[in-house]
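Participant: Just need the structure, nothing else, for what follows:
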Amino acid sequence: MLRIETHGRVRLVTLDRAAARNAVDPELAGWLYEAMLEFEANPDVDVAVLTGEGGAFCAGFDLKAAATGAAADWIAGLDIPEGWADPVGQPLASPMGPARLMLSKPVIAAIEGPAVAGGLELALWCDLRVVAEGAQLGVFCRRWGVPLVDGGTVRLPLVVGQGRANDLILTGRPVEADEALAIGLADRLVPAGTACDAALALAGSLTRFPQACLRADHLSARLAPEELARRLRREWASVRTALAEGVAGAARFAAGHGRGGSFEDI
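Facilitator: The predicted model follows:
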């Protein structure tokens, strides 16, 4: 379900649930979280590329697992403890796995096909996004009443600006690859089928630089860890107000509504 390869000083991490469009279930979330912690601690790799198998980046959290209750224990164990204030020194898992981590090393998303709902949040957690033509991004969980709880409400406004973030969060509409590039949601636009190769090439180019300086500037350019933690705590609080609505929406999805990204049959 999770493939890990090393290309020189680049770590390639591939979500491998192609039959579910790489939707993340609790098992995969745990593996992804541990893989990113290992990447951060490993002195032999400097940059990671996160991608998905089978022409899809990630369709979000596995709503079938949410609907059946199979994810209940995983979600229940993710409450943010009182006083948590540093995603660097006090790393915590999130529903999708690593979204509460602030790594010192860059992570590049290589996006083919859908990067939606929690999959969009994973892409936003990454530092750069290489997006292939034909990809589709969006807050598709809007139609199910499932809140953004993996940093989407924190990072999307930082990436595209508050006005565009409002549009995407409130409407849940799809964003095609060319629009993603125009609004800054994509950093590179590449031909279909080449996102992973392009991301690996970009990652390799970053390994040429002195790494201590690169990481120091990278850290300084982002939210202070304490501020990121504060905003993530605020976002997580929304779970309590929307949980019943989200469970009901997940059940509608599991029953077959809204497949293929349709907004008509929900």
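Participant: Check the secondary structure at the residue nearest to Val190 when sequence neighbours are not counted for me.
Facilitator: Leaving aside its sequence neighbours, Val190 sits nearest to Ala198 (Cβ to Cβ, 6 or more residues apart in numbering; 4.5 Å). C-beta here means a position set from N, CA and C on the backbone, and glycine is covered the same way. Secondary structure, DSSP: H, G, I helix; E, B strand; the rest coil: Ala198 is helix.
Participant: and Ala198, how many neighbours?
Facilitator: If you count neighbours by other Cβ atoms under 10 Å, Ala198 ends up with 19.
Participant: can you check the one 4 residues further on too?
Facilitator: Burial of Leu202 is recorded as 20 neighbouring residues (other Cβ under 10 Å).
Participant: element containing Arg173, please.
Facilitator: If you go by DSSP states H and E, Arg173 is not part of any helix or strand.
Participant: Can you check what pLDDT the model gives it?
Facilitator: At Arg173, the model reports a pLDDT of 97.
Participant: quick revisit: contacting residues for the residue nearest to Val190?
Facilitator: When contacts are counted by Cβ atoms under 8 Å, 6 or more residues apart in numbering, Ala198 touches Ala110, Val130, Arg188, Val190.
Participant: Would you mind checking those for buried ones?
Facilitator: With neighbours counted using 16 or more other Cβ atoms under 10 Å, those contain these buried positions: Ala110, Val130, Arg188, Val190.
Participant: a strand runs through the second one, doesn't it?
Facilitator: Yes - Val130: assigned to a strand according to three-state DSSP.
Participant: I'd guessed it sits against Leu202; true?
Facilitator: Yes - if you go by Cβ atoms under 8 Å, Val130 and Leu202 touch, sitting 6.4 Å apart.
Participant: Common neighbours of those two, please.
Facilitator: Contact criterion Cβ under 8 Å, 6+ apart; residues shared by Val130 and Leu202: Ile108, Arg188.
Participant: and the most centrally placed residue in the chain, what is it in contact with?
Facilitator: With distances taken as Cα atoms, centre = their mean, the residue of the chain nearest its centroid is Leu122 (0.4 Å). Contacts for Leu122 (Cβ under 8 Å, 6+ apart) come out as Val24, Leu50, Phe57, Cys58, Met96, Gly97, Pro98, Ala99, Ala109, Ala115, Asp150.
Participant: Could you check how far the strand or helix carrying it is from the centre of its chain?
Facilitator: Assessed by DSSP H and E, Leu122 sits inside helix 118-125. Chain-centre distance of helix 118-125: 2 Å, with Cα atoms, centre = their mean, to the nearest Å.
Participant: Now do that helix against strand 128-132, angle only.
Facilitator: 130 degrees (axes from the mean of the first three to the mean of the last three Cα atoms, to 10 degrees).
Participant: mind saving the C-alpha coords of helix 118-125 as CSV?
Facilitator: Only the C-alpha atoms of helix 118-125 are listed here, as CSV (Å, rounded to 0.1, in the frame of the first residue of the first chain):
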residue,chain,number,x,y,z
GLY,A,118,-7.7,15.0,2.0
GLY,A,119,-5.6,14.4,-1.1
LEU,A,120,-5.6,18.1,-1.8
GLU,A,121,-4.5,18.6,1.9
LEU,A,122,-1.6,16.2,1.4
ALA,A,123,-0.6,18.2,-1.8
LEU,A,124,-0.8,21.4,0.2
TRP,A,125,1.3,19.9,3.0
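Participant: Great, nothing more from me.
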